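Novice: Give me the fold of what follows.
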Amino acid sequence: WTLKLLIVGYKKELEEEDLYSPLREDRSSYLGQQIVANWENEVKRCEKKKGKLKPSLFRVFYKCFGKTVMLTGLGLFVLEFVIRIANPFFLAGLLRYFSGNRQDRGYNIYYYATGFCLLPFVDALIIHWALQTLTHVGMKVRVASCALIYRKMLKLCNSVFENETSAGQMVNFLSNDVNRLDYFVFSIHYLWIGPLQIVVIAYLTYREIGFGAIIGMTTFLLCIPLQMYFGKKVSRLTLGSAQKTDDRLRLMNQIIAGVEIIKMYVWEVPYSLLVEKARRKEVNVIKKYSIIEQFGLTFDIYVPRVSLFIAILTYVLTGNNINAEKVFMMSAFCTILGSSMTIGFALSVHQLAEALVSVKRLEIFMMYPEVSTSQKIPTEEATQSVPIYLKDVTAKWDESRDSDTLQNINLKVEAGSFIAVIGQIGSGKSSLLQMILRELSLKEGILETSGRISFADQRPWIFASSIRQNILFGHPMNEARYNEVIRVCQLTRDIDLFTHKDRTMVGERGINLSGGQRARINLARALYTDADIYLLDDPLSAVDTHVGSRIVDQCICGFLKEKTRILVTHQIQYLKAADQIIVMNNGSIQARGSFEELQSMNLDFMKIFQEIEDKKESNEAKVNKEKRRTMDETKKEEDPVKEEEPVDVAETRSRGRMSSKVFLAYCKASKNVFLLFLTALLFVLSQSMANGSDFLLTFWVNTEMASWVASENGTMDFQWKGSLSRQSIIYFYSGITVSIVSIYIIQTFVYYTVCMRASKNLHTQMFRSIVRAVMYFYNTNPAGRILNRFSKDIGIIDKKLPFTMFDVIVMFLSFTGTIVILTTVNAWLLIPTSFVIVLFYYIRVVYITTSRAVKRMEGTTRSPVFDHVGATLQGLATIRAFKAEKIVTEDFDNRQDLHTSTWFIFVSLSRAFGLYIEIFCLVYVAVIVIMFLVFDDLAIAGDIGLVITQVTGVIGILQWGMRQTGELENQMTSIERVLEYSNLEEEPFLDSIPEKKPPEEWPTKGLVEFKNVRLKYGPKSAYALNGITFAIMPKEKVGVVGRTGAGKTSLISALFRLAYIEGEIIIDGIATDKIALHDFRSKISIIPQEPVLFGGSLRRNLDPFEEYSDSVLWTALQELELKETIAEMAAGLNSKVSEEGSNFSVGQRQLLCLVRALVRNNKIMVLDEATANVDPQTDSLIQQTVRKKFMDCTVITIAHRLNTIMDSDKILVMDQGCLVEYDHPYVLLQKKGHFYSMVQQTGAAMANTLSEVAKD
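Specialist: Alright, predicted model coming up:
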């Protein structure tokens, strides 16, 4: 089947439909089921031993795949201890004939010739079967391990993500650690074959040349402790390398996720320095690891030579004379040991060292605590079958903190009730829901839930698929329910605007949707699931007031009226609809009751509610108002990314032959011509010395044999006839052998220095390009795809590519050396050699054409696996709440299967190619042997021995090297992929030249002018802003309002030049497109719509340039009432911030973003829906801080809560990407246009209050 595929691939460019589906035994679902069951049994077995035995992944792998591995061991035993050991004896028989009277042939010579030619064919069949089987098993181990990791990931306790692991480490597990297990299986048997073979061969050679053989074999014996030492060093360095890679990928993951914030805050430089520092540490470890490993692996080049040299020298110095039979038989045995000991054993020791590190890491990961699904035994009080029952519950997210997250929670929720949960930021509202979902583990108390739970997270989770699939989430389509959910979630109008309606593809994290659209799709998913309990974590924060009102009326109080509902919210206007309101404060329930009851309690928190009128507006009036508004709205909002095709940019895949420019780019990346020249010189010199050594040995053998002359009495006398004395030859031979070893050591060090320089510079180029790339690139490429280049592709360039290229260079030089030797012995030998070279060329062309296409597909089918892992981690709470683990696991398995298909076909093609090459090589050897038999005078015995050993030796090198040329070209695709990301479309220049740099104090006023500004998010996208023109005077406070998707956030993108802009944006008389991005972005402060914190220290999050003193930061924290919270943390400003700031609440993250703005003290401030996720009291705090601290600044506020911007100097109303109204709020209310309509949607009481604020 491989031959058929090779032919198809040669005729046309292969596509995914040309490939085969994986076998059932190779499918991720089957292997995952098998390994999970065995791991669980292993854990149970160890638990019974009560700590005496730890769970072992190696034992689990043995139970799953041990039998097949043992069978291949049996086949390799026959190969290594019968077939390969017999071959040198056949060679000795041939050389014995050529050394004596060639006229006396007899039958023995034909037996020897036949055996010498046929045994290697059996050898080839067994070795390729065994290695293909081991490769297959290694693939199963890798796929099974990935399945095990993913299934464990779905169960991990949330505290693990905060303190122990990260998305970056997950990617490293799936891209690097599991591959080490794959490679170890491939080489596992040579751990025992190599040492055992030394004993057998030492005995056989001792019988031939006596004590010299034992002395020679000690060289190989010394390899064992040396390899063990190297293995130990490599193991330690591998662990260090993995940890350094984890750190870099963790950092990269955060940068990719928060790149928009990094651009707006002009933090490219400090974060680039962080990545550069992490990369430098990683490369230093990889360089040490690579040099030590390559030094061990190149033993096969010089150890057999040193061993042969010692054996022959000892043999001669003990009074013996050498001959072709003994020398080349000894040489053949050294070649066998070179293969099994210095290659096989060395490789297996190094792979074992790496596998031990990976297994240890995975075992630690597999033993991390999981989310508890068990319930405490309910008391009699809980037997009333209430949906939710909590009694004396205490829980904590982070064990490092002194205080509990939730304390003494008692709650009994009746079926069908509507509970609203309110409270200040960090009071425990979201934690309460997470505890009900069992995402937050109980420290003590009782928790019982009855019925199915559905959940809408505070941070909307949108995965890369269609809008429909995001809502259905694996459930079957019920059209009536689906349409009703779309209607009550106010999505009908949005979906109608998309060209492909609900089949429109959305990018990862819903990047091409507005915040409100993401929130409503997230809510729609929760509603489509027919559950008993609905937990809604602040789903209304990202939508404007009238949409929020409709959602509460039609969705929460309408569609879900028979269901149990818990709504966390900060919007006080929706609280009257709740049956019960719970007020959270410092992790405990401060008060509970109906709206009226809480008002009567006169709580401080309830002062915020005092202005709401008690009289409820009738439902009928609300419905009529909605109808009137719907009839009035003839315009439709502009979809922010409205394209002719669904936004789902496929990963680029190069086609055709690998360009030589890629290799040249790799060489140039080393940025040192001298080192490149020195490396090339050392390779040529080492091969020349090796060939010189072989020539000298042959010269010695021929001279020794020619020195035997017949005396008059018929006996043979030894009379030296050489042009060099035996002593001189020994000196030359010794010098060449020592030189070979010395040159190889220097060569290895210089070579890896060049490779590491190239790898480091390629990473730097790609990272610089990524950071400088336009936002459109991030909008159309999932984070997993980008991370794949920084993990898998950089991993290949760091570790695999140098080894492969080393093999190819050695193969090419060895083959060239063999051709030189053949030509020197007899030019007629070039005739069959020429045929073989031409044949190999065409076989390689066919193989490379096909395997290159398959390898590229393997690269592109790998990325979706990482994408899926990243998406799963982002939506883990939602997945578990929906009990959707099976759905996402099936999706993961399908993606793994697609990658398995391409990978297995690739390695099978590689193995088939190796077999074809080896068979043709063996035919070539047979032809040469036949030529020597037919033409008696073709060469003398020493030369024949040299030719046969050189040709048979080069067979292994050639078939491996030819495959490695294909592998090198395939691995070059990683360089190609890195270069693709090194030449992305970049933003304009970051820093101005001194002549064009604006004054240091600019802007002094804060005058902002938009002149006919149009914006689109992609080169072919529709315009999200259409000809916007307005001016914001210095010190003015401007509120921006509009329906979800109307273009409010696009205004911010335009101001920061984060998209494709036409028209002019002028700040204090200077057009922003005339100066560098850093020069004006650094002068604008922003609190973003989605608060972003980066893993690391809190100080680095607030001041990465380290421009401000601790006192300045503490003062800013105090003004936003965060000083006490931070002071409670053990390290204060140096306290650890978890990835994505998960150890802070969303509201606290928003306040920390404001701290950043406070310390920067710019003339222009932007609040992009900054108070959407905070409680009214914190909202008030933010507004007061902004008014006080930014009194002399221009402030632009985008808000859904109209009360936050009613006291603004002007209101800018957006609709369908156009500016429809712009004036003082009271003036706009008098016009009774768009803004007036929005105010009226808040309800009569609130509308009156807002009007009074505007009037004042």
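Novice: hey, where'd the helices end up in the stretch 1001-1150 of the chain?
Specialist: 1048-1055, 1077-1081, 1098-1102, 1110-1119, 1123-1128, 1146-1160 (DSSP state H, counting those that start in this stretch).
Novice: Looks to me like residue 518 is in a helix.
Specialist: Yes: counting by DSSP: H, G, I helix; E, B strand; the rest coil, residue 518 is part of a helix.
Novice: wait, doesn't it sit right on residue 462?
Specialist: Yes: contact criterion C-beta atoms under 8 Å: residue 518 and residue 462 qualify, at 5.4 Å. Yep, even glycine has a C-beta here, placed from its N, CA and C like the rest.
Novice: pLDDT on the longest helix along the chain, on average?
Specialist: Longest helix in the chain, counting residues (DSSP state H): helix 885-934. On average, the pLDDT along helix 885-934 is 85.
Novice: Same question for stretch 364-377.
Specialist: Throughout stretch 364-377, pLDDT has a mean value of 70.
Novice: same question, stretch 1064-1083
Specialist: 89.
Novice: mind starting the numbering at 52 from now?
Specialist: Happy to do that; since the first residue is 52 now, the last one works out to stretch 1115-1134.
Novice: Do me a favour and get the end-to-end distance for that stretch?
Specialist: 18 Å (C-alpha to C-alpha, to the nearest Å).
Novice: what about the strands in the stretch 702-851 of the chain?
Specialist: Ranges of strands in the stretch 702-851 of the chain, per DSSP state E, counting those that start in this stretch, are 759-761, 767-769.
Novice: Can you flag the weakest of these by average pLDDT?
Specialist: Taking the mean pLDDT of these, strand 759-761 comes last: a mean of 48.
Novice: Residue 471 - that's part of a helix, no?
Specialist: No: assessed by three-state DSSP, residue 471 does not belong to a helix; its assignment is strand.
Novice: Kindly state the beta-bridge partners for it.
Specialist: residue 618, residue 632 (DSSP bridges).
Novice: just to revisit the earlier point, so what sits against both of residue 569 and residue 513?
Specialist: Counting by C-beta atoms under 8 Å, 6 or more residues apart in numbering, the common neighbours of residue 569 and residue 513 are residue 561.
Novice: contacting residues for residue 309?
Specialist: Going by C-beta under 8 Å, 6+ apart, residue 309 touches 1143, 1145.
Novice: Now do the phi/psi pair for it.
Specialist: phi -110, psi 30 (degrees, to the nearest 10).
Novice: picking that back up, wait, which of the helices of the stretch 1052-1201 of the chain is closest to residue 1187?
Specialist: Checking the helices of the stretch 1052-1201 of the chain against residue 1187 by C-beta to C-beta gives helix 1149-1153 as the closest, at 7.9 Å.
Novice: roughly how far out does the closest one sit from the chain middle?
Specialist: Relative to the centre of its chain, helix 1149-1153 is centred 26 Å away, using C-alpha atoms, centre = their mean, to the nearest Å.
Novice: What of stretch 1244-1263?
Specialist: Here stretch 1244-1263 is found 41 Å from its chain centre; the criterion is C-alpha atoms, centre = their mean.
Novice: ditto for stretch 780-799
Specialist: 44 Å.
Novice: Okay, now the unreliable bits of the stretch 1152-1301 of the chain?
Specialist: Scanning the stretch 1152-1301 of the chain for pLDDT under 70 picks out 1221-1227.
Novice: coming back round to it: and the longest helix of the chain, what does it pack onto?
Specialist: Judged by 3 or more C-beta pairs under 8 Å, 6 or more residues apart in numbering; DSSP states H and E, helix 936-985 is in contact with helix 53-62, helix 79-99, helix 159-204, helix 881-925, helix 992-1031.
Novice: Just name the most buried of those.
Specialist: Across the helices and strands packed on helix 936-985, the average number of neighbours (mean count of other C-beta atoms under 10 Å) peaks for helix 992-1031, which reaches a mean of 22.
Novice: mind checking how far the nearest residue to residue 1037 once chain neighbours are set aside is from residue 320?
Specialist: Distances taken as C-beta to C-beta, 6 or more residues apart in numbering put residue 823 closest to residue 1037, at 4.3 Å, once the chain neighbours are dropped. Going from residue 823 to residue 320 by C-beta to C-beta, to the nearest Å gives 11 Å.
Novice: lowest average confidence, helix or strand, in the chain?
Specialist: Least confident helix or strand of the chain, by mean pLDDT, DSSP states H and E, is helix 670-683 with a mean of 34.
Novice: where's residue 914 relative to residue 515, distance?
Specialist: 11 Å.
Novice: okay, and the common contacts of these two?
Specialist: residue 833.
Novice: Could you list the domains of the protein?
Specialist: As assigned by the TED database, the chain contains the domains 52-419+723-762+780-1032, 439-658, 1059-1140+1216-1224+1248-1306.
Novice: Between the ones you listed, which one is closest to residue 1039.
Specialist: Per C-beta to C-beta, nearest to residue 1039 of the domains of the chain: domain 1059-1140+1216-1224+1248-1306, 6.1 Å.
Novice: So, low pLDDT: which residues of the stretch 702-851 of the chain?
Specialist: In the stretch 702-851 of the chain, residues with pLDDT under 70: 702-710, 756-774.
Novice: how about 50 then?
Specialist: Residues of the stretch 702-851 of the chain meeting the criterion pLDDT under 50: 704-707, 760-763, 765, 767.
Novice: all helices for it, in order.
Specialist: 711-720, 724-757, 777-823, 826-831, 834-839, 845-846.
Novice: can you redo those helices as JSON lines with mean neighbour count?
Specialist: Formatted as JSON lines, the helices of the stretch 702-851 of the chain follow (neighbours: other C-beta atoms under 10 Å):
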{"stretch": "helix 711-720", "mean neighbour count": "16"}
{"stretch": "helix 724-757", "mean neighbour count": "18"}
{"stretch": "helix 777-823", "mean neighbour count": "19"}
{"stretch": "helix 826-831", "mean neighbour count": "20"}
{"stretch": "helix 834-839", "mean neighbour count": "24"}
{"stretch": "helix 845-846", "mean neighbour count": "24"}
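Novice: All the strands of the stretch 452-601 of the chain, residue numbers only.
Specialist: Under DSSP E, counting those that start in this stretch, the stretch 452-601 of the chain gives strands at 457-464, 469-474, 493-500, 504-507, 516-517, 556-557, 584-588.
Novice: could those strands be laid out in a markdown table, adding mean pLDDT, distance to residue 1039 and mean neighbour count?
Specialist: Formatted as a markdown table, the strands of the stretch 452-601 of the chain follow (pLDDT from 0 to 100; distance: least, C-beta to C-beta, whole Å; neighbours: other C-beta atoms under 10 Å):
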| stretch | mean pLDDT | distance to residue 1039 | mean neighbour count |
| --- | --- | --- | --- |
| strand 457-464 | 86 | 49 | 19 |
| strand 469-474 | 88 | 45 | 24 |
| strand 493-500 | 84 | 53 | 18 |
| strand 504-507 | 89 | 40 | 25 |
| strand 516-517 | 84 | 34 | 18 |
| strand 556-557 | 80 | 29 | 22 |
| strand 584-588 | 90 | 40 | 25 |
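Novice: In CSV: those strands, plus distance to residue 1281.
Specialist: Below are these laid out as CSV (distance: least, C-beta to C-beta, whole Å):
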stretch, distance to residue 1281
strand 457-464, 46
strand 469-474, 34
strand 493-500, 52
strand 504-507, 39
strand 516-517, 45
strand 556-557, 40
strand 584-588, 37
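Novice: what's the closest of the ones you listed to residue 266?
Specialist: It's strand 516-517; of the strands of the stretch 452-601 of the chain, that one is closest to residue 266 (C-beta to C-beta) at 68.6 Å.
Novice: For that closest one, which helices and strands make contact with it?
Specialist: Partner elements for strand 516-517 (3+ C-beta pairs under 8 Å, 6+ apart): strand 556-557.
Novice: So what's the gap between the strand it packs on and the chain middle?
Specialist: Using C-alpha atoms, centre = their mean, the offset of strand 556-557 from its chain centre is 22 Å.
Novice: How about residue 836, nearest residue that isn't a chain neighbour?
Specialist: residue 914 (4.5 Å).
Novice: Might one say that that neighbour is in contact with residue 832?
Specialist: No: the pair residue 914 / residue 832 is not scored as a contact, 9.5 Å apart, by C-beta under 8 Å.
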